[in-house]
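Asker: Fold the following, please.
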Amino acid sequence: MLTWNVDPIIYQIGPIQLRWYSLSFFCGFAIGYYYFAKLFEREGRTQEECSRLLMYIFLGTLIGARLGHCLLYEPEFYLRHPIEIIAFWKGFAGLASHGGYTGVIIATFLYLYKTKGMSFFWLIDRLSGPCLLTGAFIRIGNLFNSEIIGKPSDVPWAVIFERIDSVPRHPAQVYEAIGYFLIAMTLFLMVKLFSNKWTQGRIFGFALALSFAFRFCVEFIKENQVDFETGMVLNMGQLLSIPFVLIGIFLISGKQKDVPWLGFLSKKF
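Answerer: Coordinates of the predicted model:
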């Protein structure tokens, strides 16, 4: 049996905090930037384009994840206290991965509107690995925050989160971090081996199907995030994961090239 009681705050100056969660968040983006800097260099694209991509994806992730949490999990509170939506000085607490994914997709479109010579599917296929790797780092941040905890368990590796209670629990954050890391490594390998052979969008499909199917399963051993989920057969995280899994399966099939209104996603902007 393990115990966990790490202070989530590294240091604080007035209302400004540096938290392990924020540091984990930025580590994921730093690695993603390094990956794309090398990729863009091989593709003959400029460093400026890479830096602009980082800005778009960072803002898309942050805004999408924040709005996803506020509007899907706690709408009553945040609609009454809208200033709390942008209270990022409190350490980025309250981000939803489903909103983050949606924000990345929107940010990719906006980026391509300003940056020509790439298709949406070409870029999103290559963004999938870094995004999942960042997701793994974020779950490590959740561990430092003693949040996203698992249900009570008697497994040998159960953890007592002393900042929550004295009950041994599944370390659900660790499960997800490991799962997302392994999926990210798989996606990096897919890009290396199959990006020029497969239908564009298939790697992105694997990213959606694998990550959200895994998320769906892990939710069974996680405590509900908000009170209204009590009594639900499937919680909010699972319900939101289902459409992403279905879209992923569709993209894996390669049928997107046969759908006229999706054809433009494989064409260069």
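
Asker: quick one: low-confidence ranges for the stretch 51-200 of the chain?
Answerer: 88-93 (pLDDT under 70).

Asker: which stretches of it form strands?
Answerer: Listed from the start of the chain, the stretch 51-200 of the chain has strands (DSSP state E, counting those that start in this stretch) covering 159-161, 168-169.

Asker: Surely A177 and F144 touch.
Answerer: No: assessed by C-beta atoms under 8 Å, A177 is found out of contact with F144, at 11.3 Å. Every C-beta, even on glycine, is put in place using the N, C-alpha and C of the backbone.

Asker: about what we covered before: would you turn the strands of the stretch 51-200 of the chain into CSV with distance to A87 and mean neighbour count?
Answerer: Supplementary listing: the strands of the stretch 51-200 of the chain in CSV, determined by distance: least, C-beta to C-beta, whole Å; neighbours: other C-beta atoms under 10 Å:
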stretch, distance to A87, mean neighbour count
strand 159-161, 24, 21
strand 168-169, 28, 20
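
Asker: Tabulate the ones you listed (TSV), appending distance to G99.
Answerer: What follows is the strands of the stretch 51-200 of the chain, written out as TSV (distance: least, C-beta to C-beta, whole Å):
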stretch	distance to G99
strand 159-161	25
strand 168-169	26
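
Asker: Could you work out which of the ones you listed reaches nearest to S195?
Answerer: Across the strands of the stretch 51-200 of the chain, S195 has its closest neighbour in strand 159-161 (38.6 Å, C-beta to C-beta).

Asker: Need the contact partners of that closest one.
Answerer: Contact partners of strand 159-161, identified using C-beta atoms under 8 Å, 6 or more residues apart in numbering, comprise 1-5, 146, 149, 166-171.

Asker: now stretch 239-258
Answerer: Applying C-beta under 8 Å, 6+ apart, the external contacts of stretch 239-258 come out as 72, 98, 101, 121, 198-202, 204-213, 215-216, 219, 262-263, 265-266.

Asker: Can you give me the distance of L262 to I242?
Answerer: Noted for L262: a distance of 20 Å to I242, by C-beta to C-beta, to the nearest Å.

Asker: Buried residues, the regular element (helix or strand) spanning F40. List them.
Answerer: Taking DSSP states H and E as the criterion, F40 maps to helix 20-42. By neighbour count on 16 or more other C-beta atoms under 10 Å, the buried set for helix 20-42 is 20-22, 24-25, 27-29, 32-33, 35-36, 40.

Asker: Of the contacts of stretch 239-258, which count as buried by neighbour count?
Answerer: Neighbour-count burial (16+ other C-beta under 10 Å) applied to those gives 72, 98, 101, 121, 198-202, 204-213, 215-216, 219, 262, 265.

Asker: where exactly do the helices run in this protein?
Answerer: 20-42, 47-72, 75-80, 97-114, 120-144, 172-194, 202-218, 236-253 (DSSP state H).

Asker: how far does stretch 109-126 sit from the chain's center?
Answerer: Relative to its chain's centre, stretch 109-126 lies at 19 Å (C-alpha atoms, centre = their mean, to the nearest Å).

Asker: switch to numbering from 50
Answerer: Yes, from this point I'll number from 50; that puts the last item at stretch 158-175.

Asker: Quick one: end-to-end distance for it.
Answerer: Stretch 158-175 has an end-to-end distance of 14 Å (criterion: C-alpha to C-alpha, to the nearest Å).

Asker: For it, list every residue counted as buried.
Answerer: In stretch 158-175, counting by 16+ other C-beta under 10 Å, buried: 160-161, 164, 167-175.

Asker: What are the contacting residues of stretch 150-167?
Answerer: Defining contact as C-beta under 8 Å, 6+ apart, one finds that stretch 150-167 is touched by 94, 98, 101-102, 105-106, 108-114, 116-117, 168-169, 172-173, 176, 180, 257, 293, 317-318.

Asker: In ChimeraX, select just the buried ones from those.
Answerer: Typed into ChimeraX, the line below selects the buried ones among these, using 16+ other C-beta under 10 Å:
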select :94,98,102,105,106,109,110,111,112,113,114,116,117,168,169,172,173,176,180,257,293,318
